[in-house]
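Engineer: Predicted model follows, preceded by the sequence.
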Amino acid sequence: MMTVPVIIDFEASGFGKGSYPIEVGFSLRHGEGWCTLIRPESDWQHWDAQAARIHRILRETLVERGKSPMLVTEQLNTVLAGLTVYTDGWTQDYIWMARLYDAAERVPNFRLADLREIISPQQESVWHATKNQVQEDLNISRHRASNDARILQMTWLRTYDATRCVH
């Protein structure tokens, strides 16, 4: 029997070389969400204006209100210990997670996995339409990591339920 997956999402300063995580959020099995801003390290200077238009988080806000990589990784390891945690952007999220953990001189004690590992072809066929409906139903206006994680989790759950009933 499949259980509801834990989903994690990262927002970042941009894409590519030099980008770094600015926010991380997740949605646990029962929909409990958690999110925090990440204070940039002194050598984390990359800032992409296009990415900023999407996440709408100011660098100054990160500096003033973000938590240190040490504190963020401690919180992630405490809550996610031993779990497999899924992401829809594994390649990029893995890099940002590694950058966060390297800055804290720690290692994650959970496994980051690609959400596609647990999406069947049947789920994939209705994924985008279902995700659009979930976004509409949840009526979330802010593009934030925990919101994105919850949307992905609800999409997975609805597509799983819809496709397992089809024979």
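Structural biologist: Okay, I see it.
Engineer: who touches Ile7 in this structure?
Structural biologist: 26-27, 85-88, 115, 149-150, 152-153, 156 (C-beta atoms under 8 Å, 6 or more residues apart in numbering). The way it works is simple: take the backbone N, C-alpha and C, and place the C-beta from them, glycine included.
Engineer: meant to ask about Gly14, not that
Structural biologist: With C-beta under 8 Å, 6+ apart, Gly14 has these contacts: 46-48, 50-51.
Engineer: Any chance of the residues you listed in TSV with pLDDT as columns?
Structural biologist: As requested, these are exported to TSV (pLDDT from 0 to 100):
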residue	pLDDT
His46	93
Trp47	94
Asp48	92
Gln50	89
Ala51	87
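Engineer: From those, which land in helices?
Structural biologist: If you go by DSSP state H, these have 50-51 in helices.
Engineer: Could you turn the buried ones of the contacts of Gly14 into a ChimeraX selection?
Structural biologist: Listed next is the ChimeraX selection for buried residues among the contacts of Gly14, using 16 or more other C-beta atoms under 10 Å:
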select :46,47,51
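Engineer: C-alpha coordinates for the helix or strand of the chain with the lowest mean pLDDT, CSV please?
Structural biologist: Across the helices and strands of the chain, mean confidence by mean pLDDT, DSSP states H and E is lowest for helix 49-55: a mean of 87. Only the C-alpha atoms of helix 49-55 are listed here, as CSV (Å, rounded to 0.1, in the frame of the first residue of the first chain):
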residue,chain,number,x,y,z
ALA,A,49,16.0,39.3,-11.5
GLN,A,50,13.8,36.9,-13.5
ALA,A,51,13.8,34.4,-10.6
ALA,A,52,13.0,37.2,-8.1
ARG,A,53,9.9,38.2,-10.2
ILE,A,54,8.6,34.6,-9.7
HIS,A,55,9.3,34.1,-6.0
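Engineer: Tell me the buried residues in it?
Structural biologist: 51, 55.
Engineer: give me the element the closest residue to Gln45 other than its chain neighbours is part of.
Structural biologist: Counting by C-beta to C-beta, 6 or more residues apart in numbering, Gln45 lies nearest to Gly18, which is 7.1 Å off, once chain neighbours are set aside. Using DSSP states H and E, Gly18 maps to neither a helix nor a strand.
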